Each structure stands twice: as structure tokens, then as C-alpha cells.
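Novice: Fold the following for me, if possible:
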Amino acid sequence: MQRSLSLLAAFWLVAALYALAAAETETKQETRMNISINGQQFATELANNDTATAFAALAPMKIKMDDLHGNEKYHYLATRLPSRPEKPGQIHAGDLMLFGDSCVVLFYRDFSTSYSYTRIGRLKNAGGLARTLGTGAVTAEFSLEIREQKTMR
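Specialist: Numbering: from 1, shown residues only. The predicted structure follows:
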């Protein structure tokens with residue numbers, strides 16, 4: 001009988017410790033977009049806005065992107081996305097933007113601009129992007145990667 005009580009007490013102690021540990025950990029999800037072009041993968045940090053959220057909801061997606069001005073690839077989506085355009089003044093290689101409410105633009109060169117865009121995100125490493133994209137149209141595949149991180153509170 002005493003052994004049964006000891007086992008029961010040990011069980012409750014373990015259960016209480018497990019519940020306490022679970023209550024003191026927090027799970028955060030990090031969503032990262034990956035863009036695959038010509039066999040190269042580019043990790044993309046999404047902006048914290050409605051446009052990026054709506055764009056991410058379209059993934060996985062494979063689109064043909066045409067070249068414009070030797071500094072960007074673009075594609076008109078069949079879907080309109082929420083937009084809050086701003087004039088960034090300076091564009092950087094790796095910027096992923098929305099022009100208007102349906103034109104996705106991936107920039108591969110730095111330049112000044114007076115046009116307005118809504119930020120979708122930015123490639124984490126745009127090194128070699130211009131070489132990968134080349135001069136003509138490309139097919140870009142957008143996919144999401146969701147990572148869970150557990151942290152102590």
C-alpha cells in the first residue's frame with residue numbers, strides 16, 4: 001500500500017513539473033519565404049504588413065517574371081493585394097516589392113527611384129542575384145518555411 005502511494009505521489013510530482021515547464025515555455029513561429037530561381041535558393045525576410053501576409057498566403061506559387069530596365073523582374077498577379085505604397089527613394093538589390101496592387105517586383109540592382117511601392121520583403125542574401133536572374137524572363141518559385149522556436153518565459 002505504501003509503495004502504491006509512493007508511486008502515485010511520484011506520478012503527480014512528475015505531472016506537476018511537466019505542467020510547470022510547459023507553462024514557462026513559449027512557442028514562437030517564424031515564417032520565412034524561400035524563392036527558388038534557376039536552381040538557386042534565396043531566403044526572404046517578409047515585411048510585417050498586410051501585403052506580405054497576403055502574398056505569403058499565395059505560396060506555394062510558381063510564376064514567370066519578365067525583365068524590365070535591366071534592374072528588376074516583375075509579374076502581374078491575378079489577385080489584388082492590400083497595399084500602402086510609399087516612396088522608398090532608394091531601391092536595393094533583393095528588395096521584393098508590390099507596385100500598384102498586383103505587380104510583384106524583385107529588384108536585382110541598386111538605384112534611386114521616385115516611384116511608390118509597398119514592401120513585401122527583402123532577400124537575406126542578394127549576392128549573386130543579378131547573375132542568377134540574367135537578362136531575360138525567369139521562373140520563380142515561392143514557398144514558405146515555418147519554424148517553431150521554444151523559449152523560456
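Novice: Can you tell me the strand partners of the strand ranked longest in the chain and which way each runs?
Specialist: Among the segments of the chain that qualify as a strand by DSSP state E, the longest is strand 138-152. Applying DSSP bridges to the sheet, strand 138-152 is found paired with strand 25-37 (antiparallel), strand 61-68 (antiparallel).
Novice: so can I have CSV of the ones you listed showing mean neighbour count?
Specialist: Every C-beta, even on glycine, is put in place using the N, C-alpha and C of the backbone. Below are those laid out as CSV (neighbours: other C-beta atoms under 10 Å):
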stretch, mean neighbour count
strand 25-37, 14
strand 61-68, 14
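Novice: what's the closest of those to residue 103?
Specialist: With C-beta to C-beta as the criterion, residue 103 lies closest to strand 61-68 of those, at 10.0 Å.
Novice: after that closest one, next one along is what?
Specialist: Once the chain leaves strand 61-68, the next helix or strand it forms, by DSSP states H and E, is strand 72-76.
Novice: For that following strand, give me every contacting residue.
Specialist: 63-68, 99, 102-109, 133, 137-138, 140 (C-beta atoms under 8 Å, 6 or more residues apart in numbering).
Novice: Which one of the strands paired with strand 138-152 lies nearest to residue 146?
Specialist: The closest of the strands paired with strand 138-152 to residue 146 is strand 25-37. By C-beta to C-beta, the value is 5.3 Å.
Novice: and the next element down the chain from that closest one?
Specialist: Past strand 25-37, the next helix or strand by DSSP H and E is strand 40-46.
Novice: Quick check: buried residues in stretch 126-143?
Specialist: If you call a residue buried by 16 or more other C-beta atoms under 10 Å, then stretch 126-143 has these buried ones: 126, 129, 133, 138, 140, 142.
Novice: Can you tell me which of these comes closest to residue 151?
Specialist: residue 142 (28.3 Å).
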